[in-house]
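Q: how would this look folded up:
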Amino acid sequence: MIRKYLVLVLVLSCILALGNRSAYAAPIPSRGPGATLLVTGMQSGSGSTIGPDGALYVTEGAAGRVLRVNPETGRVSTFASGLPKWLPILGMGGAMDVAFIGQTAYVLVTLVGSDWGGSDVVGIYRVDGPQSFTVIADIGQWSIDNPPPPTTSYDTPTGVQYAMQPYRGGFLVNDAHHNRFLKVGLDGRITQLFQFGDIVNTGLALKGNTIYIAEAGPIPHLPQNGKIVSFREGSNTTTQVAAGAPLLVDVEFGPSRSLYGLAQGFWNGPYEGTPADPNIGSLVKVNDDGTFNVIVAGLNQPTSLEFIENTAYVVTLTGEIWKIACVSDTPHCEDY
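A: Residues are numbered from 1 along each chain as shown. Purely as a prediction, here's the structure:
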């Protein structure tokens, strides 16, 4: 059963991470390929994607924006603004993730509904212009009308939608609070594909018809509960791909179609609501035996991972983007 304080944990993770930016000077991530700080100074950092133009797009929930980042120079420009900002009482949510279908961008917006004192729609917004949007799916209202089963304990009727991925002309959406997996059409139709137990499903990735899910695991986010699992639409079971990364928040395919995960690190809080310790996040690679190999350690509360060829881009809660060159076993990586 989902712990009652799941939302509070996620909220305080963001608040404490952002509030402690000056207290914890982020060291250079270590134990792997060269990492450089590409972007700093964003008000927040959450989801990301690679756009059709090859640029990195990042959601900034605190400001209600989507930023466009040049992956080579780190130059940041505002792609879209005027989205619902996160609520001050929460310090997280708002624009949570971004994805493209063709040339059109869509933004996943969460924790802005009336259940937390907000007045905006929880769902997927289509970007019509730099300051113009259309809600194509009201996931919050659907969640209220279709609550999770009685075995699921929750505090937020509209859910906490964490990540989305384009899929068959629509989107797949992870709800980390209701512990379920949704399929959302561009016509607004929403269906549930999978109801999980207390696993806190976060990031997701696709390979053909197989869906890969990152699991943070319930409090206290023990390493053995940090898993990547896979399944296909219509299946009622999942297959464990790898386990052993503490507080997994994302999963992506990288160079040579190898599978990678992004872990915030060990949760060592004295009480429910504290985040993973600063500067102990990691980029990990899935081994053939279902374990993880640490590629880069020392990341400061990472949230999202993208790849452009052999280079990884990691977004953090504290508003930074790290560029990790040559995440691959291919020749000439020693030149980096």
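Q: only C-alpha atoms from now on, for both contacts and neighbour counts.
A: Noted.
Q: neighbours of Arg257, just the number please.
A: Using other C-alpha atoms under 10 Å, Arg257 is surrounded by 9 other residues.
Q: next up, the contacts around it.
A: Residues near Arg257 by C-alpha atoms under 8 Å, 6 or more residues apart in numbering: none.
Q: so where's the chain uncertain?
A: Applying pLDDT under 70 to the chain flags the ranges 1-28, 30-33, 269-276, 326, 328-336.
Q: which residues of it fall in helices?
A: Along the chain, counting by DSSP state H, helices occupy 6-19, 139-145.
Q: distance-wise, check the spatially closest residue to Gly188 that is not a sequence neighbour relative to Ser81.
A: With C-alpha to C-alpha, 6 or more residues apart in numbering as the criterion, Gly188 has its nearest non-adjacent residue at 4.2 Å, and that residue is Ala137. Distance of Ala137 to Ser81, computed by C-alpha to C-alpha, to the nearest Å: 19 Å.
Q: the two: who's more crowded?
A: A direct count of neighbours by other C-alpha under 10 Å for Ala137 and Ser81 places Ala137 higher, at 22 against 19.
Q: surely that one is in contact with Gly123?
A: Yes: between Ala137 and Gly123 there is a contact under C-alpha atoms under 8 Å: 5.5 Å.
Q: need the overlap of contacts for those two.
A: Going by C-alpha under 8 Å, 6+ apart, no residue sits against Ala137 while also sitting against Gly123.
Q: what about Arg168, neighbour count?
A: 12.
Q: hang on, the earlier thing: need the contact list for the residue nearest to Gly188.
A: Contact analysis of Ala137 by C-alpha under 8 Å, 6+ apart lists Gly123, Ile124, Tyr125, Val184, Gly185, Leu186, Asp187, Gly188, Arg189, Ile190.
Q: out of these, which is most surrounded?
A: Ile124 leads these on contacts (other C-alpha under 10 Å) with 30 neighbours.
Q: tell me the contacts of that one?
A: Counted by C-alpha under 8 Å, 6+ apart, Ile124 has contacts Tyr106, Val107, Leu108, Val109, Val135, Ile136, Ala137, Asp138, Ile139.
Q: I'd like the residues you listed as JSON lines, with distance to Arg68 appended.
A: Listed next are the contacts of Ile124 as JSON lines, based on distance: C-alpha to C-alpha, whole Å:
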{"residue": "Tyr106", "distance to Arg68": "14"}
{"residue": "Val107", "distance to Arg68": "13"}
{"residue": "Leu108", "distance to Arg68": "16"}
{"residue": "Val109", "distance to Arg68": "18"}
{"residue": "Val135", "distance to Arg68": "21"}
{"residue": "Ile136", "distance to Arg68": "22"}
{"residue": "Ala137", "distance to Arg68": "24"}
{"residue": "Asp138", "distance to Arg68": "26"}
{"residue": "Ile139", "distance to Arg68": "26"}
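Q: most surrounded residue in those?
A: Most crowded among these, counting by other C-alpha under 10 Å, is Val109 at 34 neighbours.
Q: burial check on the residue nearest to it when sequence neighbours are not counted, number of neighbours?
A: Using C-alpha to C-alpha, 6+ apart and skipping the chain neighbours, the partner closest in space to Val109 is Ala95 (4.6 Å). Using other C-alpha under 10 Å, Ala95 has 32 neighbouring residues.
Q: the closest residue in space to Gly118 that isn't next to it in sequence and Ser304, how far apart?
A: Distances taken as C-alpha to C-alpha, 6+ apart place Val112 nearest to Gly118, at 4.9 Å, with adjacent residues excluded. The gap separating Val112 from Ser304 is 21 Å, by C-alpha to C-alpha.
Q: wait, what's in contact with the closest residue in space to Arg126 that isn't next to it in sequence?
A: Spatial nearest neighbour of Arg126, chain neighbours left out: Tyr106 (4.5 Å); criterion: C-alpha to C-alpha, 6+ apart. Contacts for Tyr106 (C-alpha under 8 Å, 6+ apart) come out as Val98, Ala99, Phe100, Ile124, Tyr125, Arg126, Val127.
Q: do I have it right that the last one meets Gly82?
A: No: with contact defined as C-alpha under 8 Å, Val127 does not count as touching Gly82 (10.4 Å).
Q: mind checking which of those two has more residues around it?
A: Remark: of Val127 and Gly82, Val127 carries more neighbours, 21 against 13, as counted by other C-alpha under 10 Å.
Q: contacts only, for the more buried one.
A: Listed by C-alpha under 8 Å, 6+ apart, the contact set of Val127 reads Ala80, Thr104, Ala105, Tyr106, Val107, Phe133, Thr134.
Q: and the nearest residue to the first one once chain neighbours are set aside, how many neighbours?
A: When you say that, I think you mean Ala80. Counting by C-alpha to C-alpha, 6+ apart, the nearest residue to Ala80 once its immediate chain neighbours are dropped is Pro130, at 4.4 Å. Around Pro130 there are 13 other residues, counting by other C-alpha under 10 Å.
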